[in-house]
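Engineer: Pasting the sequence and the predicted coordinates here, then a few questions.
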Amino acid sequence: MSLEAEKGEGVLHPPLKNQKSEGPAKLAEEKYREAALLLSLFWMPILLPAASRLLLLPRALLSMASGSPPAQPSSASGSAYVPGSVSAAFVTCPNEKVAKEIARAMVEKRLAACVNLVPQITSIYEWKGEIEEDSEVLMMIKTQSSLVPALTDFVRSVHPYEVAEVIALPVEQGNPPYLQWVRQVTESAPDSSTAPL
């Protein structure tokens, strides 16, 4: 058999060994199989990671239906992070001086392991029936979730705003050594009502 198709439809690969020419239907079936093989070889590396994640889906759905979080793998040291035990809290301040004073006091009282100050954010909000726009400093606070109520009370007691923004979100995952450090630093937090500013 030549390298050209029987009906002049273009150049084909040479016939496979022991392959008999059985007409256009047989050639079409062979081309289909080759194309399917090539496509599967091309898409397999792309689809395998997604397929492996799909295998975890039944366990995740089952845990959602039962209302309990999925089991977390434990580390060799036995100090695995418990999702949600650390929180990131956010507080806005009118300026950097106020933010630094509050941040330093929170760290000194061990209500926070770390406070990042993000300067020059713009806040647009409604206050007493008027739309306001202010330049503020955002405090990003890392603490134990169990300390959020004490942290909130402390911020309310020293903040210059009539209604201070204090919101907290539980940290589900992150760098385990960092999350462990947050817990260690805030482990011996004194009672916020007795510690001096």
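Structural biologist: Looks like it came in fine.

Engineer: all helices of the protein, in order?
Structural biologist: 24-66, 96-108, 148-158, 176-186 (DSSP state H).

Engineer: quick one: contacts of the last one?
Structural biologist: Helix 176-186 is touched from outside by 75, 79-81, 85-86, 110-114, 142-144, 147, 171, with contacts defined as C-beta atoms under 8 Å, 6 or more residues apart in numbering. Placement of C-beta: from N, CA and C, glycine included.

Engineer: Tell me which two in those are the farthest apart.
Structural biologist: 75 and 111 (27.0 Å; C-beta to C-beta).

Engineer: Look at those two and report which has more neighbours.
Structural biologist: The neighbour comparison of residue 75 against residue 111 (other C-beta atoms under 10 Å) goes to residue 111, with 26 against 11.

Engineer: Not counting sequence-adjacent ones, nearest residue to the more buried one?
Structural biologist: Nearest residue to residue 111, sequence neighbours excluded (C-beta to C-beta, 6 or more residues apart in numbering): residue 151, at 4.6 Å.

Engineer: Quick one: residues contacting that neighbour.
Structural biologist: Residues in contact with residue 151, defined by C-beta under 8 Å, 6+ apart, are 89, 106, 111-112, 141, 143, 166, 168, 192.

Engineer: Select, from those residues, the two members most distant in space.
Structural biologist: Pairwise distances across these (C-beta to C-beta) peak at 15.1 Å, for the pair 168 and 192.

Engineer: so where is this protein shaky, pLDDT-wise?
Structural biologist: Counting by pLDDT under 70, the chain has low-confidence residues at 1-79, 189-197.

Engineer: cutoff 50 now
Structural biologist: 1-13, 50-55, 57, 60-62, 70-77, 191-197 (pLDDT under 50).

Engineer: Now flag whichever of the contacts of residue 151 is closest to residue 120.
Structural biologist: Of all those, residue 141 has the smallest distance to residue 120: 18.5 Å, by C-beta to C-beta.

Engineer: Near the closest one, how many other residues are there?
Structural biologist: 25.
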